[in-house]
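In: after the sequence you'll find the predicted model.
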Amino acid sequence: MGTGHGVETMASAHGMKQVGYLDCAGGGQVTVRDGVAFLGHMRAPHGTTIIDVRDPKNPVILAELPMGPGTHSHKVRVMGDLMIVNQELNHNDPNPPSPDFRGGICIYNISDLRNPRLIKRWETEGVGAHRFDVDERYVYLSSSATGYNGHIVFILDLKDPANPQEVSRWWESGQWTAGGEVAHWKGTAHRCHHPLRMGNRLYTSYWQGGFHILDIEDMSKPKRISGLDWSPPFHCPTHTVLPIPFAINGRKYLLVADEDVARPPDGVPAFIWMVDITDELAPMPVGTFQVEGIDGTVQPLATACHQPSEVITGTEIPVAWFAHGVRMIDFSNPRHLKETAYFMPDVPVMADRVQSNDVTVDKRGLIYVTDRRRGMTIIERI
């Protein structure tokens with residue numbers, strides 16, 4: 001069980017400072033609501049941790065859920081009194097999973113935060129479920145499925161949490177192998193990473209298939225409006241397609257983050273794109289951002305961009321930039337993104353470098369960042 005400590009740190013920063021820290025197993029996604037952080041972990045036996053962060057200088061663990069070998073539960077969302085976590089095979093874990101393991105999502109009642117109660121496992125064949133979005137009733141999910149090559153989009157109705165209902169599914173043409181479709185890509189290069197809902201749209205990253213904008217006005221029949229794919233020539237896969245929930249100078253935008261993996265050693269490291277979608281039928285990249293110091297020289301994998309905060313509070317947004325910590329990016333001028341602050345955490349114990357993995361913001365403006373090797377840091381803008 002981890003322990004918290006206050007602001008003592010050797011971390012470097014500009015315009016941001018550390019408030020608290022929790023020493024815990026490496027983290028995937030972090031979600032914060034009403035003074036409670038929900039943290040999914042990268043590797044078994046650690047699954048999901050629930051943390052009281054009302055006093056951010058002294059985080060306190062309330063509950064911990066385990067995972068079996070060869071699997072992980074590294075994504076977590078909260079919907080009312082429900083906590084939803086993913087269940088997935090972990091190909092980075094050399095330990096064999098249980099032969100009866102089935103991936104999917106687990107739905108918990110968290111009315112008692114110290115004693116999460118499992119309501120239902122929604123199971124699927126194959127690798128399992130990856131990242132997802134939720135609202136007051138639905139889950140928008142990336143998951144494997146029998147007869148499909150790679151993860152596809154699922155929409156699940158949780159009106160009755162004990163009996164989740166599939167509303168619909170969507171896939172890129174070529175994935176439905178059971179239906180005779182033939183892919184024009186290698187392996188599972190084109191697959192759903194995760195959808196994000198805004199209004200009647202799903203903004204859906206599709207790994208090395210770029211992204212797709214889906215119309216879900218009729219949720220039972222998602223329809224593709226448009227999309228964009230820049231790999232090739234860029235190698236890094238599309239990780240997150242984040243709709244900006246307000247217009248900027250009368251125009252609509254997406255912030256798109258590629259993940260710094262799946263590239264040759266001398267390939268261009270991942271970065272942020274701004275895409276103008278004022279005309280939804282013709283998405284147009286208009287701006288990019290890369291941190292200073294990534295200058296064209298050879299960089300190891302997991303050095304550059306990974307994941308922005310999916311909670312947007314204005315035209316500044318924190319982004320987890322792997323070995324470069326957290327970068328605060330101003331997108332008020334989408335054609336000229338600029339860094340306004342940064343926070344470089346300490347290198348975790350037993351690690352060779354920082355690996356800032358996920359970041360979110362709570363209602364107090366506090367920023368939570370996980371390191372995929374170890375620890376969760378709480379920081380604030382100054």
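Out: Great, that's in hand. Residues are numbered from 1 along each chain as shown.
In: how far is stretch 223-230 from where the chain is centred?
Out: Distance, stretch centre to chain centre, for stretch 223-230: 20 Å (CA atoms, centre = their mean, to the nearest Å).
In: same question, stretch 206-224
Out: Chain-centre distance of stretch 206-224: 18 Å, with CA atoms, centre = their mean.
In: any idea how far apart the tips of it sit?
Out: End-to-end distance for stretch 206-224, by CA to CA, to the nearest Å: 13 Å.
In: continuing past the worst-scoring helix or strand of the chain on mean pLDDT, what's the next helix or strand?
Out: For the chain, using mean pLDDT, DSSP states H and E, the weakest element among its helices and strands is strand 4-5, scoring a mean of 38. Scanning forward in sequence from strand 4-5 by DSSP states H and E, the next helix or strand is strand 12-14.
In: so which elements touch that following strand?
Out: On a contact count with 3 or more CB pairs under 8 Å, 6 or more residues apart in numbering; DSSP states H and E, strand 12-14 meets strand 338-344. Where you see a C-beta, it was placed from the backbone N, CA and C, and this is true even at glycine.
In: so which bits of the strand it packs on are buried?
Out: 339, 341-344 (16 or more other CB atoms under 10 Å).
In: equivalent analysis for stretch 108-122, please.
Out: Applying 16+ other CB under 10 Å to stretch 108-122 flags 108-110, 116, 119-120, 122 as buried.
In: what's the answer for stretch 322-336, then?
Out: Buried residues in stretch 322-336, defined by neighbour count with 16+ other CB under 10 Å: 322-331, 334.
In: now swap in stretch 153-171 and tell me
Out: 153-158, 161, 164, 167-171.
In: just to revisit the earlier point, for the buried residues of stretch 108-122, work out which two are farthest apart.
Out: With distances taken as CB to CB, the most widely separated pair in those is I110 and W122, at 17.0 Å.
In: still on that earlier bit, reformat the buried residues of strand 338-344 as a markdown table; add pLDDT and distance to L214.
Out: Shown next, in a markdown table, are those (pLDDT from 0 to 100; distance: CB to CB, whole Å):
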| residue | pLDDT | distance to L214 |
| --- | --- | --- |
| E339 | 98 | 32 |
| A341 | 98 | 34 |
| Y342 | 98 | 34 |
| F343 | 98 | 35 |
| M344 | 97 | 37 |
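In: quick one: which of the residues you listed is nearest to L281?
Out: Nearest to L281 among the buried residues of strand 338-344, with distances taken as CB to CB, is E339, at 32.3 Å.
In: the nearest residue to the closest one once chain neighbours are set aside pairs with what?
Out: Spatial nearest neighbour of E339, excluding adjacent residues (CB to CB, 6 or more residues apart in numbering): R327 at 5.5 Å. Counting by DSSP bridges, R327 forms beta bridges with V319, Y342.
In: what's L89 sitting at in phi/psi?
Out: phi -60, psi 140 (degrees, to the nearest 10).
In: ditto for T177
Out: Phi and psi for T177, reported as degrees, to the nearest 10, are phi -70, psi -40.
In: once you drop chain neighbours, what's closest to it?
Out: N149 (5.2 Å).
In: what about the one you found, how many neighbours?
Out: N149 sits with 24 neighbouring residues when counted by other CB atoms under 10 Å.
In: got the contact list for it?
Out: Going by CB atoms under 8 Å, 6 or more residues apart in numbering, N149 touches 174-177, 183, 188, 191.
In: just the pLDDT at it, thanks.
Out: Here the pLDDT value assigned to N149 is 98.
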